[in-house]
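# What follows is a predicted structure for the sequence shown.
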Amino acid sequence: MKPDLYATTVDHQFKGFARGTYGRRLAELVEERVSLFDGTFSPPVMVLKSDALQHNIATMAAYCTDHGVDLAPHGKTTLAPQLFTRQLAAGAWGISVATPAQVALCRAAGISRVLLANEIVDVPAIKWITGELRADPSFDFLCYVDSVEGVRLLADALRDVAGGRPLDLLVEMGPIGGRTGCRTIEQARAVARAARVKGLRVVGVAGYEGGIGHEITDAVLGRVRAFLGLLRQAAQDLLDEELLVDRGDGVVLSAGGSVFFDEVVAALTQPLTDYASRCVLRSGAYVSHDAGHYEQVSPFSRPGAGPEYTLQPALEAWGHVLSMPETGLVIVGVGRRDVSFDLGMPVPLATWRPGRGTFTDARTCSVRDLNDQHAFVEVPAGFDVRVGDWLSFGISHPCTAFDKWHLLPEVDDGYRVVDFIQTFF
């Protein structure tokens, strides 16, 4: 945490704090190791489990080292520079982002290598990034391009920029029906040829296979493998035509969300004929993992996965039991404003009762629906729960959970605060 964040006093701008905590500095709360349940916080509140967080960062770093690939975690998952710093300290090659504003966040945090996994067409942003490259020799930047028009826009924006290093580009490939990216090798060739102009150089090929599907079926896996084969073949063809520039450590081949990164490793670590390459994964959700979608589909947790690599859910949302209006139905003060719901409902985990001080397993319960501030939780007959109890939820899909919280308490296994993580959505 930055010193200025430690000095921040709690007030109404941060969700999850009790009114009696207003005016206290975050540093005090960390120093005192305040408890989630001692009156410092007023649910709903989202926390990060510290041990799980560190385990996940170390696990993915070990996997990449063991498989000879690099990792540029997709920072848009958390938009938390404190976590970027931990990922880089564990060996990440750089940080991936999705927008020029996220590049600016990385630069403000002192991140020296940023991969913008998207096209950039905003002229002021292009000129600002070029200025950053010119002013800081240690800054390494790469971005996508997928059209001749995009190349022309970049070249026109840089035409009046004197000197400086070239802008490094990755020709993006995309699957039919997907979002951005060249659909054919012929299109990729046209883009790479157009980019042979002053101020630009194409240093690799990239794509995103995750949009092909979320299901782990033979049909989806077949399409993923076919797309990754196309990406690799595009790199080979562009190299054979001398349209790619090796920056000295191999041309870049980049793909990999959090569902099929094992397929990316299998496809993109195959050697290119007569050329060195560097496979860069961009997985992001692994850092917190989840208790729903990714717990089911991650290569580390699918049926048949070995015990060598595991991920642990690190995000938990806690809310009060507000009402028990019908038999078998509990209403909890956690809703769409607090948790993700686009890839599955939150998963009940445990209850905590004031005065009792113990946890009760709640995994036999399920969330039927969410309103903005309420969760409809179905509970089995005889389940021990009362109005006023706390109930925790694991989330499904961290990318749309982090963005609902500007400040997350990081807690140990006893739910005592060890740090605060700030996000910048």
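Thanks, I have it. Numbers count the residues shown, from 1 in each chain.
# mind checking the SS state of residue 334?
Assigned by DSSP: H, G, I helix; E, B strand; the rest coil, the conformation of residue 334 is coil.
# Who are the contact partners of it?
43-44, 317-319, 346, 370, 373-375, 391, 393 (CB atoms under 8 Å, 6 or more residues apart in numbering). (Glycine included, C-beta is placed from N, CA and C.)
# Please tell me how far it sits from residue 372.
Spatial separation of residue 334 from residue 372 under the definition CB to CB, to the nearest Å is 10 Å.
# again with residue 179
Residue 179 is 29 Å from residue 372, by CB to CB.
# out of the two, which sits in the more crowded spot?
For residue 179 and residue 372, the more surrounded residue by other CB atoms under 10 Å is residue 179, and the numbers stand at 11 against 8.
# Which residue is the nearest non-sequential neighbour of that one?
Nearest residue to residue 179, sequence neighbours excluded (CB to CB, 6 or more residues apart in numbering): residue 211, at 6.2 Å.
# what's that neighbour sitting at in phi/psi?
Dihedral angles phi and psi of residue 211 (degrees, to the nearest 10) take the values phi -70, psi -10.
# Go ahead and confirm it touches residue 178.
Yes. Using CB atoms under 8 Å, residue 211 and residue 178 qualify as a contacting pair, with a distance of 5.0 Å.
# quick one, helices of the stretch 251-400 of the chain?
Taking DSSP state H, counting those that start in this stretch to define them, one finds helices in the stretch 251-400 of the chain at 261-268, 293-297.
# Tell me where the model's unsure across this protein.
Low-confidence segments of the chain, defined by pLDDT under 70, are located at 1-3, 162-163.
# Longest helix in it, please.
Longest helix in the chain by number of residues (criterion: DSSP state H): helix 218-240.
# What are the contacting residues of that helix?
Contact partners of helix 218-240, identified using CB under 8 Å, 6+ apart, comprise 171, 173, 175, 182, 185, 188-189, 192, 202, 204-207, 209, 212-214, 244, 251, 253, 255, 260, 263-264, 267-268, 270, 272-275, 277.
# Go again with 7 Å.
When contacts are taken as CB atoms under 7 Å, 6 or more residues apart in numbering, the neighbours of helix 218-240 outside the stretch itself are 171, 173, 175, 185, 188-189, 192, 204-205, 207, 209, 212-213, 244, 251, 253, 255, 260, 263-264, 267-268, 270, 272-273, 275, 277.
# Pull the distance from the helix or strand containing residue 88 to the chain's centre.
Assigning secondary structure by DSSP states H and E places residue 88 in helix 81-89. Here helix 81-89 shows a centroid-to-chain-centroid distance of 12 Å under the convention CA atoms, centre = their mean, to the nearest Å.
# and after that helix, which helix or strand comes next?
Going down the chain from helix 81-89, the next helix or strand is strand 95-97, by DSSP H and E.
# who does that following strand touch, helix- and strand-wise?
Other helices and strands packing on strand 95-97, by 3 or more CB pairs under 7 Å, 6 or more residues apart in numbering; DSSP states H and E, are helix 100-108, strand 113-119.
# Name the residues that touch that strand?
In this structure, residues lying in contact with strand 95-97 by CB under 7 Å, 6+ apart are 72-76, 84, 103, 106, 111, 114-117, 282.
# Please apply the same query to stretch 73-93.
The set of residues that contact stretch 73-93 without belonging to it, under CB under 7 Å, 6+ apart, is 1, 57-58, 61, 65, 70-72, 95-98, 102, 105-106, 109, 111, 113, 117, 280, 282-285, 287, 398-399, 402, 421-425.
# Quick one: neighbours of residue 357, just the number.
Using other CB under 10 Å as the criterion, residue 357 is surrounded by 8 other residues.
# Next, work out how far apart it and residue 375 are.
To residue 375, residue 357 is 24 Å away according to CB to CB.
# Throw the helices and strands packed on strand 95-97 into a markdown table and include distance to residue 7 and mean neighbour count, thanks.
Formatted as a markdown table, the entries for the helices and strands packed on strand 95-97 read as follows, by distance: least, CB to CB, whole Å; neighbours: other CB atoms under 10 Å:
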| stretch | distance to residue 7 | mean neighbour count |
| --- | --- | --- |
| helix 100-108 | 18 | 18 |
| strand 113-119 | 28 | 23 |
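# possible to save those as CSV with distance to residue 142?
As requested, the helices and strands packed on strand 95-97 are arranged in CSV below (distance: least, CB to CB, whole Å):
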stretch, distance to residue 142
helix 100-108, 11
strand 113-119, 5
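# out of these, which comes closest to residue 131?
Each of the helices and strands packed on strand 95-97 has some distance to residue 131 by CB to CB; the shortest is helix 100-108, at 10.7 Å.
# what's the angle from the closest one to helix 81-89?
In terms of direction (axes from the mean of the first three to the mean of the last three CA atoms, to 10 degrees), helix 100-108 departs from helix 81-89 by 70 degrees.
# How far away from the center of its chain is helix 100-108?
15 Å.
# contact partners of stretch 272-284?
Against stretch 272-284 from outside (CB under 7 Å, 6+ apart): 60, 64, 69-77, 93, 96, 117, 235-236, 239, 246, 249-254, 256-258, 261, 264-265, 268-269.
# Could I have the buried ones of these as ChimeraX selection syntax?
In ChimeraX, a selection of the buried entries from these looks like this (16 or more other CB atoms under 10 Å):
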select :60,64,69,70,71,72,73,74,75,76,77,93,96,117,235,236,239,250,251,252,253,254,256,257,258,261,264,265,268
